[in-house]
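*Asks:* quick check, what structure comes out for this input:
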Amino acid sequence: MTSNYGKVDILWLDGGWVRPFHTIDPKVEWQRTIKVEQDINMDKIGTMARKNQPGIIIVDRTVPGKWENYVTPEQAVPEHALSIPWESCITMGDSFSYVPNDNYKTSQKIIETLVKIISKGGNYLMNIAPGPNGDYDPIVYERLQQISGWMDKNHSAVFATRSIAPYHDENFIIHKAKMEKH
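*Replies:* Residues are numbered from 1 along each chain as shown. Alright, predicted model coming up:
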């Protein structure tokens, strides 16, 4: 599973509904809808992965325990820095899957979210779903170009940074003129 690929840094299991019943949190609405127990023997998988790839980070999404080494809040940014690695999984539109004419976030909103995430020590996993022809809606390319222009000018404030409180001041505004690529 984790051999013959070179160095593997992370094993990402993207199925929080794939879990033993005893890990279901009854306070979490979507977990209460899980009707089938799917115990995939995470101890066996995790032990094998670590044997082949010492130091690998494992993401058993939303299943707490020793194999959730990386936390992945969906459509949310934690209020404070976390003590373990994390990234917010946030859609550019309203859906993780393709929806024609989706309601895409503005470049300013995406960049403000990025700033909130990196100020707390996290990563931003932005989901963009391709359409049936394998391409994105034209507005996606526009947003990515604007974000790219902002990153070109501000990359030193993004990469290799460390979180430090206060994480966010409600009064910051990213001006549109600074986002456009010149």
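*Asks:* who's in contact with the residue minimising distance to the centre of the chain?
*Replies:* What sits nearest the mean C-alpha location of the chain, by C-alpha atoms, centre = their mean, is residue 89, with 2.9 Å. Counting by C-beta atoms under 8 Å, 6 or more residues apart in numbering, residue 89 touches 72, 73, 74, 75, 125, 127. C-beta coordinates here come from the backbone N, C-alpha and C atoms, glycine included.
*Asks:* quick one: which of those is most hemmed in?
*Replies:* residue 72 (19 neighbours; other C-beta atoms under 10 Å).
*Asks:* about what we covered before: I'd like the mean pLDDT over the helix or strand the residue nearest to the centre of the chain falls within, please.
*Replies:* Using DSSP states H and E, residue 89 sits in strand 87-91. Across strand 87-91, the average pLDDT comes to 95.
*Asks:* the inter-axis angle of whichever strand or helix holds residue 112 versus strand 87-91?
*Replies:* Secondary structure assigned from DSSP H and E places residue 112 in helix 107-119. Angle, helix 107-119 to strand 87-91, by axes from the mean of the first three to the mean of the last three C-alpha atoms, to 10 degrees: 170 degrees.
*Asks:* put the alpha carbons of helix 107-119 into CSV.
*Replies:* Taking Å, rounded to 0.1, in the frame of the first residue of the first chain, the C-alpha atoms of helix 107-119 are listed here in CSV:
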residue,chain,number,x,y,z
SER,A,107,-11.2,36.3,-4.7
GLN,A,108,-11.2,38.7,-1.8
LYS,A,109,-13.2,36.2,0.3
ILE,A,110,-10.8,33.4,-0.6
ILE,A,111,-7.7,35.5,0.2
GLU,A,112,-9.2,36.6,3.5
THR,A,113,-9.9,33.0,4.4
LEU,A,114,-6.4,32.1,3.4
VAL,A,115,-5.0,34.8,5.7
LYS,A,116,-7.2,33.5,8.6
ILE,A,117,-6.0,29.9,8.0
ILE,A,118,-2.3,30.6,7.7
SER,A,119,-2.3,33.0,10.7
